[in-house]
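Visitor: predicted structure and sequence below. I'll ask about it afterward.
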Amino acid sequence: MQRKVDESWKQQARTEKAALSDRIEQEGTGRRRASMPPASLATILGEMQLRALVALGEVEVEKGKRPEPNLEMAQYAIDCLAVLQEKTEGQRTAEETRLLDGLLYDLRMRFVERSRGAAPGGG
């Protein structure tokens with residue numbers, strides 16, 4: 001006795017699975033792009049600033065909790081910003097230059113304060 005198997009349901013399932021995968025991928029990509037700031041020099045500078053501030057113990061990483069200062073990591077983040085400053089010289093807008101110069105000045109001053117044992121936030 002030979003069975004007659006309807007294979008059409010398998011093809012339909014594959015088609016639906018592929019369509020669902022495509023929709024999930026498109027929606028996922030859309031959500032990521034919508035929630036991310038546009039890629040720019042200012043974004044990169046902000047991310048490096050945040051790394052330095054966390055390493056300096058200036059930013060809460062959990063509610064009410066600041067990490068212990070890691071001056072080596074803070075210095076590394078500041079040095080990376082200085083490299084960006086050097087490598088982008090003559091290619092930045094006036095606004096980007098003001099932003100970068102201001103970030104470096106502020107972070108360097110905070111670093112000196114922390115190196116001398118001052119509490120985060122100038123205390």
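Guide: Received it, and whenever you're ready, just let me know what you need. Keep in mind the model is a prediction, meaning the values are calculated, not measured.

Visitor: report pLDDT for Gly64.
Guide: For Gly64, the model assigns a pLDDT of 81.

Visitor: OK, contacts around it?
Guide: Contacts for Gly64 (CB atoms under 8 Å, 6 or more residues apart in numbering) come out as none. Quick note: C-beta positions are derived from backbone N, CA and C, even for glycine.

Visitor: least trustworthy helix or strand in this structure by mean pLDDT?
Guide: Least confident element among the helices and strands of the chain, by mean pLDDT, DSSP states H and E: helix 8-35 (a mean of 64).

Visitor: list the buried ones in the following helix or strand past that helix?
Guide: On the C-terminal side of helix 8-35, the closest following helix or strand by DSSP states H and E is helix 41-55. With burial defined by 16 or more other CB atoms under 10 Å, the residues of helix 41-55 counted as buried are 41-42, 45, 48-49, 51-55.

Visitor: distance to Lys87 added to those, as TSV?
Guide: As requested, the buried residues of helix 41-55 are arranged in TSV below (distance: CB to CB, whole Å):
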residue	distance to Lys87
Leu41	11
Ala42	16
Leu45	13
Met48	13
Gln49	17
Arg51	18
Ala52	18
Leu53	22
Val54	24
Ala55	22
